[in-house]
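>>> need coordinates for the following:
(one chain, ligands or ions: 1)
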Amino acid sequence: MSKPVLYIFAISHYCEKARWALDHFGIDYQSRYVFPGSNRAIAKKLGGSSGSLPFLQTSGELIAGSAAIIDWGEANCGYKTNSLKGEDAQAVLTIGKRLDDITGVHVRRYYYSDALLTDPKSVLPIFARDLPLFSQIGIKLAWPKIVPLMIKGMDLGSEQGLASRDIVLGELDWLDSLLETKTGYLSGNSLTRADITAASLLAPFVNPPEHPSYSRLKLPAALASTVKEWQERPILQWVKKIYTQWR
Ligand SMILES: N[C@@H](CCC(=O)N[C@@H](CS)C(=O)NCC(=O)O)C(=O)O
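Sure thing, here's the model as predicted:
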């Protein structure tokens, strides 16, 4: 069987979540970095209905979305000891769903609302770095056209950025409270998919050295200064620790 192919954007925290889980499961796969905007055409060509990244092409199917990729990894890794289901699988899934639907969306909108409006060039290197050479030139030329499409697609703006920041703050409070059980994990006594999800989706605020792509992530000044004030929060300290221990 040929290796599964994971289609990703280097900057995407959802892509990091799927990649980390596949690494954790010990699955031998190939990463393919995607030119922004071409993801939908690629998905369509491969028979997928959603073009959002990440998606995973296996020998039999196209698996769309980080949560479904983790389900697939869990079913196909063959090592019971690597399971990310946790002792209370339903509680783990419930935490993961909120992280995916709320936390991750607003971390992204908060970041891009500042970065793409005030300093769009700062976002380019991380998208460009891993593309084939020809596409690296192409993305530099196309960037002025890609930026407004991203702004529209994600409903970015200064008001939206502030609204997302407030939502993120509520999410950090919630996550701080989940850590109060002192097991070192968000649910139960072992690493679960909820931990990988939380750490990946908050990684832009922590920039852990173990992250495969964030050496290129540069936060705009205003966002960087807010995020600096948050660094001592239990959940951000925990993200650092989880990356060091598990990534
Ligand atoms: N909940 C989804 C979110 C995926 C998502 O929003 N992907 C973004 C990148 S962070 C994307 O591909 N956006 C471009 C598009 O949808 O065309 C998951 O966990 O996979």
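>>> drop to CA atoms for contacts and neighbour counts, all remaining ones
Fine.
>>> the one helix or strand residue 67 maps to and the ligand in contact?
Assignment of secondary structure by DSSP states H and E places residue 67 within helix 66-76. Yes - Helix 66-76 is in contact with the ligand by CA under 6 Å from any ligand atom, via 66, 67.
>>> pull the distance from that helix to the chain's centre.
Put simply, helix 66-76 sits 15 Å off its chain's centre (CA atoms, centre = their mean, to the nearest Å).
>>> near the ligand, which residues of the protein?
Counting by CA under 6 Å from any ligand atom, the residues of the chain near the ligand are 12, 14, 51, 52, 53, 54, 65, 66, 67, 100.
>>> go with 5 Å
Proximity of the chain to the ligand (CA under 5 Å from any ligand atom) is limited to residues 12, 52, 53, 65, 66.
>>> the first one: neighbour count?
Going back to what we said before, that points to residue 12. Applying other CA atoms under 10 Å, we find 20 residues neighbouring residue 12.
>>> what do you get for the last one?
Here the count is done by other CA under 10 Å, and residue 66 has 24 residues near it.
>>> report pLDDT for it.
Predicted confidence (pLDDT) at residue 66: the value is 98.
>>> CA-only coordinates of the host helix or strand of residue 145 in PDB, if you can.
Per DSSP H and E: residue 145 is located in helix 133-153. C-alpha atoms of helix 133-153 as PDB (Å, rounded to 0.1, in the frame of the first residue of the first chain):
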ATOM      1  CA  LEU A 133      10.300  26.100  -5.900                       C
ATOM      2  CA  PHE A 134       8.000  27.100  -8.800                       C
ATOM      3  CA  SER A 135       5.100  27.600  -6.500                       C
ATOM      4  CA  GLN A 136       7.200  29.700  -4.100                       C
ATOM      5  CA  ILE A 137       7.700  32.200  -6.900                       C
ATOM      6  CA  GLY A 138       4.000  31.900  -7.800                       C
ATOM      7  CA  ILE A 139       2.700  32.600  -4.300                       C
ATOM      8  CA  LYS A 140       4.900  35.700  -4.000                       C
ATOM      9  CA  LEU A 141       3.300  37.100  -7.200                       C
ATOM     10  CA  ALA A 142      -0.200  36.000  -6.300                       C
ATOM     11  CA  TRP A 143      -0.100  37.100  -2.700                       C
ATOM     12  CA  PRO A 144      -1.700  40.600  -3.300                       C
ATOM     13  CA  LYS A 145      -4.700  38.700  -4.800                       C
ATOM     14  CA  ILE A 146      -4.800  35.900  -2.200                       C
ATOM     15  CA  VAL A 147      -4.900  38.300   0.800                       C
ATOM     16  CA  PRO A 148      -8.300  40.000   0.000                       C
ATOM     17  CA  LEU A 149      -9.800  36.500  -0.700                       C
ATOM     18  CA  MET A 150      -8.600  35.300   2.700                       C
ATOM     19  CA  ILE A 151     -10.000  38.500   4.400                       C
ATOM     20  CA  LYS A 152     -13.400  37.900   2.800                       C
ATOM     21  CA  GLY A 153     -13.400  34.100   3.300                       C
END
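>>> now do stretch 84-95: distance to the chain's middle.
For stretch 84-95, the distance to the chain centre is 19 Å (CA atoms, centre = their mean).
>>> kindly report the same for stretch 87-100.
With CA atoms, centre = their mean, you get 16 Å for stretch 87-100.
>>> residues making contact with it?
Applying CA atoms under 8 Å, 6 or more residues apart in numbering, the contact partners of stretch 87-100 are 85, 86, 187, 188, 189, 192, 193, 194, 197, 198, 201.
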